[in-house]
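**Student:** need coordinates for the following:
(one chain, ligands or ions: 1)
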Amino acid sequence: MLSDEPRGPKVLVVDDNIPNVELLEAYLTAAGYHVEKAYDGEEALEAVNRDVPDLVLLDIMMPKLDGYQVCQRLKQEEKTRFVPVVMITALKELEDRIRGIEVGADDFLTKPFNKHELLTRVKSLLRIKGLHDEVEAYNRLLEEKVAERTAELQRAMEELKELDEMKSNFLATISHELRTPLTPIKGYVQSMLSEVLGPLNPTQRKGLSIISESVDRLHGLIEDLLAFIKMDRDEISLDLQNFPVSSLIQERVERALPKAKEKGIVLNTELEPNLPDVKADPEEIGRVLSSLLDNAIKFTPSGGTVTVKAKLVHGPVIASELVSDEDVADELRRYIREPSTVNRQQDSDFVEVSVTDTGIGIPPDKIEKIFDQFYQVDSSSTRGYGGVGIGLAIVKQILEAHGSRVVVRSKEGVGSTFSFRLPLVSKSPSP
Ligand code: ADP
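**Tutor:** Sure, this is the predicted structure:
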């Protein structure tokens with residue numbers, strides 16, 4: 001069927017009454033609309049399938065499919081859902097209208113037609129449809145833009161991931177390369193200091209001691225970097241062993257003694273005798289202890305004290321879950337109000353290790369942040385403490401890998417305590 005190019009919006013008129021169709025066509029064509037005609041429901045659906053109109057004028061009583069069925073189908077189909085349907089009803093037929101609303105009709109027109117009413121309704125519905133089409137088109141555009149941006153972001157993320165891996169590999173290689181030559185340097189410095197390689201005069205001894213301290217500092221930094229890379233790659237794997245934590249503490253305290261002495265800080269231990277063995281990774285817990293000791297010494301002025309304690313505690317997991325005094329107070333208040341909401345199931349025996357200093361302390365609003373990577377409370381270029389801000393991030397990660405947490409209690413100008421709990425070796429039933 002050949003038809004002229006549409007001049008205006010396309011209206012499909014559906015009615016089995018030919019004079020009615022002709023009348024509607026005459027009104028609509030004169031008003032500049034392009035009219036398509038169908039004489040029953042099936043023909044109407046075929047016409048819609050061929051080319052979706054902008055509006056449908058639909059009679060109700062027709063052979064084959066009636067108007068309600070046609071309307072229902074149009075409103076169910078994705079591509080015709082938003083085409084306005086005006087149902088043609090006889091005057092005052094309320095029931096027809098109710099059913100029409102039920103099947104999704106947008107408006108009604110009563111017979112006999114009033115030309116003015118017809119054109120006003122058609123015009124207003126087409127205006128709404130036009131706005132709707134604009135919104136749809138805009139939505140589609142937005143969706144395309146979002147999809148484009150998402151794809152761009154995805155690409156950028158992949159690139160970042162690759163770069164991150166490259167950075168991490170590079171750091172790992174560099175750290176290993178830096179560590180290798182340090183081993184013989186440390187060995188020779190120690191041999192010289194113990195005079196295995198010959199006697200030293202006081203000036204040589206002083207010089208070698210300074211070299212030894214610097215090498216130790218470099219070694220610590222490289223070890224921290226390697227631990228950080230492992231953590232960054234989620235590669236912390238624990239080698240759990242049963243061991244007495246007191247010996248580990250003594251060992252790490254001894255390592256820290258020269259630095260404390262040099263700064264004029266007293267380094268004490270208060271270790272409860274006969275503590276049961278803990279189950280943890282001694283290498284990683286040693287790293288935690290050294291890191292906390294280094295910080296305690298670093299942030300305590302000369303004349304101060306650093307004390308490492310270890311004691312047996314029995315209690316809820318609360319203390320190891322909270323990082324500030326306010327958290328503990330909140331939790332206690334909650335416990336008093338609603339005891340059942342606080343998980344006390346994990347009450348158990350632990351060895352609690354703490355490192356207390358009489359140093360500069362940490363402002364309350366910074367306590368949470370000090371565990372973030374690269375965070376330093378005082379990061380100004382004038383700070384004289386050294387370090388790169390990864391020590392506590394590593395401490396946190398290692399303790400979390402052990403199912404534990406670090407708890408901080410601190411007061412500015414008074415000092416800080418960092419403590420953590422380690423699980424005991426579970427008792428196996430005696431034979
Ligand atoms: P770094 O010591 O290399 O700066 P850390 O991650 O070990 O990095 O510590 C982060 C920050 O937390 C420190 O820069 C310091 O501001 C604060 N901090 C850590 N330990 C103490 C402490 N014992 N006393 C006061 N401030 C501390």
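**Student:** now do the same contact list for the spatially closest residue to Phe243 that is not a sequence neighbour.
**Tutor:** Distance criterion C-beta to C-beta, 6 or more residues apart in numbering; nearest residue to Phe243, sequence neighbours excluded, is Pro282 at 5.2 Å. Glycine gets a C-beta too; all of them are placed from N, C-alpha and C. Taking C-beta atoms under 8 Å, 6 or more residues apart in numbering as the contact definition, Pro282 lies against 241, 243, 248.
**Student:** same check on Asp40?
**Tutor:** Contacts here follow C-beta under 8 Å, 6+ apart; on that basis Asp40 touches 14, 16, 62-65.
**Student:** hmm, try it at 7 Å
**Tutor:** Counting by C-beta atoms under 7 Å, 6 or more residues apart in numbering, Asp40 makes contact with 16, 62-64.
**Student:** hmm, which of those residues are the buried ones?
**Tutor:** The neighbour count (16 or more other C-beta atoms under 10 Å) marks 16, 62 as buried among those.
**Student:** from the contacts of Asp40, which single one is nearest Asn139?
**Tutor:** Nearest to Asn139, judged by C-beta to C-beta, of those is Met62 at 35.0 Å.
**Student:** just want the phi and psi numbers for the closest one.
**Tutor:** Backbone dihedrals for Met62, given as degrees, to the nearest 10, come out at phi -140, psi 150.
**Student:** from the contacts of Asp40, which two are the most distant?
**Tutor:** Looking at those by C-beta to C-beta, the two members farthest from one another are Asp16 and Lys64, with 9.3 Å of separation.
**Student:** for the stretch 1-150 of the chain, which segments are assigned as strands?
**Tutor:** For the stretch 1-150 of the chain, the strands identified by DSSP state E, counting those that start in this stretch occupy 10-14, 34-38, 55-59, 85-90, 107-111, in order along the chain.
**Student:** quick one: the ones you listed as a markdown table, columns for distance to the ligand too.
**Tutor:** Shown next, in a markdown table, are the strands of the stretch 1-150 of the chain (distance: least, C-beta to the nearest ligand atom, whole Å):
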| stretch | distance to the ligand |
| --- | --- |
| strand 10-14 | 71 |
| strand 34-38 | 75 |
| strand 55-59 | 69 |
| strand 85-90 | 69 |
| strand 107-111 | 70 |
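**Student:** Val313 is nearest to which of these?
**Tutor:** With C-beta to C-beta, the closest approach to Val313 among the strands of the stretch 1-150 of the chain belongs to strand 85-90: 76.2 Å.
**Student:** check which residues of that closest one are buried.
**Tutor:** For strand 85-90, the buried set under the neighbour-count rule, 16+ other C-beta under 10 Å, comprises 85-89.
**Student:** one more: stretch 211-224?
**Tutor:** In terms of neighbour count (16+ other C-beta under 10 Å), stretch 211-224 has its buried residues at 211-212, 215-216, 219-224.
**Student:** circling back to that earlier point, for the contacts of Asp40, give me a markdown table that also has distance to the ligand.
**Tutor:** Compiled in a markdown table, these are given as follows (distance: C-beta to the nearest ligand atom, whole Å):
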| residue | distance to the ligand |
| --- | --- |
| Asp16 | 84 |
| Met62 | 81 |
| Pro63 | 84 |
| Lys64 | 80 |
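**Student:** format the contacts of Asp40 as CSV; extra columns: distance to Gly130 and pLDDT.
**Tutor:** Putting the contacts of Asp40 into CSV (distance: C-beta to C-beta, whole Å; pLDDT from 0 to 100) gives the following:
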residue, distance to Gly130, pLDDT
Asp16, 30, 93
Met62, 28, 89
Pro63, 33, 83
Lys64, 32, 83
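**Student:** of all the contacts of Asp40, which comes closest to Arg50?
**Tutor:** Among the contacts of Asp40, and counting by C-beta to C-beta, the member closest to Arg50 is Lys64, at 17.6 Å.
**Student:** if we can go back for a sec, measure the residue nearest to Phe243 to Phe420 for me?
**Tutor:** In this structure, Pro282 and Phe420 are 14 Å apart, going by C-beta to C-beta, to the nearest Å.
**Student:** ranges for the helices of the stretch 301-431 of the chain?
**Tutor:** In the stretch 301-431 of the chain, helices defined by DSSP state H, counting those that start in this stretch lie at 318-321, 325-337, 391-401, listed in chain order.
**Student:** likewise the stretch 151-300 of the chain?
**Tutor:** Taking DSSP H, counting those that start in this stretch as the criterion, the stretch 151-300 of the chain carries its helices at 202-232, 245-263, 282-298.
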